[in-house]
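Student: quick one: sequence plus predicted model below, questions after.
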Amino acid sequence: MSVRCPLAVGAEQNGAAPALVANGRTYSYAQLDGEVRRAVAWLRRQGVERNARVGVVAANRVETVVLFHAVARLGAALVPFNIRLSRAELAGLVGKAGCKVILADDAGQRLVPAAQRFEAWGDTEDLTEGNAAETVVAVLYTSGTTGEPKPVSLTRAQFEANATASGALLGNDSGQKWLLCLPLFHVGALALVSRCAFYGAAVVLEQNFDAARTSALVDEGHVTHASLVATALRRWVAERAGRPVLPSLRAVLVGGGPLPLALWQEARALGVPVLQTYGLTEACSQVATERLADADGATAGHPLPGVEVRIVADDGGDSALGEVGEIWVRGPTVGVSAGWLRTKDLGSFDARGRLTVHARRSDLIISGGENVYPAEVERVLEAHPLVAEAVVVAQPDAQWGQVPVALLVAREAGHADEASVRQWVAERLARYKQPRAYLWVKELPRNASGKIDRAGALRVWAP
């Protein structure tokens with residue numbers, strides 16, 4: 001099956017509609033399609049052909065959005081590199097990626113000197129037909145918090161399946177205006193770009209998250225949807241200072257890690273329609289998301305329409321309701337012929353069929369033969385009135401094998417009462433789940449996507 005570029009289809013059907021808002025300028029579908037066609041011609045002059053790879057090392061910018069569509073039209077794949085990595089780390093990834101050409105902004109070129117700087121695409125326009133649905137259009141590197149980042153290839157069909165599944169849950173109308181402040185080397189960002197093109201909707205591109213700027217965009221009606229990590233939501237809730245948001249904001253997806261229930265409740269009290277979500281790069285972003293009608297912040301919600309999820313026990317059978325097992329995912333967002341994707345994440349279903357994500361299997365703490373799920377302990381800690389954020393990791397222990405320890409961020413500087421926290425936890429968790437030690441820090445270590453960097457947290461305890 002051949003799939004045409006959704007942006008080209010949008011340009012033909014409603015060329016005057018807004019496609020991208022960035023740097024104070026609005027690009028219509030016709031205008032953005034013109035940029036993409038010029039980029040296609042430029043890429044061809046560089047020798048980019050079907051199945052080639054085109055690298056990008058840059059902060060969020062219009063050119064990267066243009067390249068995503070242009071490279072796909074050529075039947076090639078975009079490889080956006082994490083600009084927050086070191087020069088040495090990027091050198092290793094670039095050396096293995098096999099890119100025909102790499103484009104960069106000024107900061108990116110300092111990190112990858114062999115990259116070309118962005119330039120005008122030229123005046124030549126070039127149209128191409130559709131490509132096979134199984135054509136790889138993006139190669140993304142996982143965050144690599146526990147080891148070397150690995151490349152994940154995603155096809156046009158997977159991006160279309162994500163748009164279809166997400167649209168069935170959240171709507172797929174052209175009136176949507178999605179705030180994009182996630183980095184464009186993140187699957188959530190590229191899936192958002194693709195989703196909007198399939199809907200005929202608009203992307204509101206920001207270089208990064210800014211709480212005051214986000215408030216202004218929402219208050220002025222320029223944003224109807226957003227996708228954030230919990231850290232950004234926390235900063236935004238603080239910036240609102242009790243000011244409710246307009247009902248024109250329809251949904252805010254929060255993923256990339258646990259969302260504390262207290263934060264979910266604070267956001268909801270302001271009228272922010274927060275929906276907890278769970279996804280991963282290999283599944284082209286979303287796997288499960290809360291429904292607007294029954295969201296309560298307690299779980300990651302139901303699997304998306306068309307996406308199957310199993311909770312598998314150690315013996316290979318399905319776990320009983322409420323029992324923890326490995327999350328397996330199957331469906332068109334994973335790839336029609338891929339079969340079951342073993343995520344290595346641990347989860348369970350509740351009686352309503354909603355998914356709770358407990359931990360990465362590699363994050364699981366086994367203390368004296370008992371399983372300790374960091375997310376469970378973190379939820380209890382973050383419910384304490386003095387604790388803003390927490391991360392729980394394992395420390396080796398001669399008697400128990402491993403014991404949990406915790407890094408904590410105080411809600412207010414100077415208000416760190418460990419005795420109060422210990423009593424709080426003791427009243428709510430079994431003894432083997434209780435952290436043996438606490439360390440108050442100014443902020444938690446995070447990776448480039450805003451997720452908790454558990455390897456970094458371990459280094460704090462054992463530098």
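Tutor: Done, it's in.
Student: now do the same contact list for Leu20.
Tutor: The neighbourhood of Leu20, defined by Cβ atoms under 8 Å, 6 or more residues apart in numbering, consists of 26-27, 32, 62, 65, 202-203, 205. In this view, the C-beta of every residue, glycine as well, is placed from N, C-alpha and C.
Student: stretch 210-224: end-to-end distance?
Tutor: Between the opening and closing residues of stretch 210-224 lies a distance of 17 Å (Cα to Cα, to the nearest Å).
Student: quick one: buried residues of that stretch?
Tutor: Buried residues in stretch 210-224, defined by neighbour count with 16 or more other Cβ atoms under 10 Å: 210-211, 214-215, 217-218, 223-224.
Student: and of the residues you listed, the nearest to Ala375?
Tutor: The nearest member of those to Ala375, counting by Cβ to Cβ, is Ala211 at 25.3 Å.
Student: apart from its neighbours in sequence, what residue is nearest that closest one?
Tutor: Across the structure, with Cβ to Cβ, 6 or more residues apart in numbering as the measure, the residue nearest Ala211 apart from its sequence neighbours is Glu239 (3.7 Å).
Student: for that neighbour, phi and psi?
Tutor: Backbone geometry at Glu239, expressed as degrees, to the nearest 10, gives phi -70, psi -30.
Student: secondary structure class for the most centrally placed residue in the chain?
Tutor: Here the mean C-alpha position of the chain is nearest to the C-alpha of Gly188 (Cα atoms, centre = their mean), at a distance of 4.1 Å. Per DSSP: H, G, I helix; E, B strand; the rest coil, the local secondary structure of Gly188 is helix.
Student: ok, back up a step: among the contacts of Leu20, which lie within strands?
Tutor: Judged by DSSP state E, the subset of these located in strands is 26-27, 202-203, 205.
Student: pull out the buried residues from those.
Tutor: 27, 202-203, 205.
Student: which residues in the protein form helices?
Tutor: Using DSSP state H, the helices found in the chain span residues 6-14, 29-45, 62-73, 87-97, 106-111, 156-170, 187-199, 211-219, 230-240, 261-269, 374-382, 418-426, 454-461.
Student: tell me which of those helices lies nearest to Ala138.
Tutor: It is, among these and with distance given as Cβ to Cβ, helix 187-199, at 5.8 Å.
Student: now that closest one against helix 62-73, angle please.
Tutor: Here helix 187-199 runs at 70 degrees with respect to helix 62-73, directions being taken by axes from the mean of the first three to the mean of the last three Cα atoms, to 10 degrees.
Student: can I get the CA coordinates of helix 187-199 in PDB?
Tutor: Listed next in PDB are the C-alpha coordinates belonging to helix 187-199 (Å, rounded to 0.1, in the frame of the first residue of the first chain):
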ATOM      1  CA  VAL A 187       9.200  10.200  19.500                       C
ATOM      2  CA  GLY A 188       6.400  12.100  21.200                       C
ATOM      3  CA  ALA A 189       7.400  15.200  19.200                       C
ATOM      4  CA  LEU A 190       7.600  13.600  15.800                       C
ATOM      5  CA  ALA A 191       4.400  11.700  16.400                       C
ATOM      6  CA  LEU A 192       2.700  15.000  17.200                       C
ATOM      7  CA  VAL A 193       4.000  16.600  13.900                       C
ATOM      8  CA  SER A 194       2.700  13.600  11.900                       C
ATOM      9  CA  ARG A 195      -0.600  13.500  13.800                       C
ATOM     10  CA  CYS A 196      -1.400  17.100  13.000                       C
ATOM     11  CA  ALA A 197      -0.600  16.600   9.300                       C
ATOM     12  CA  PHE A 198      -2.900  13.700   9.100                       C
ATOM     13  CA  TYR A 199      -5.700  15.700  10.800                       C
END
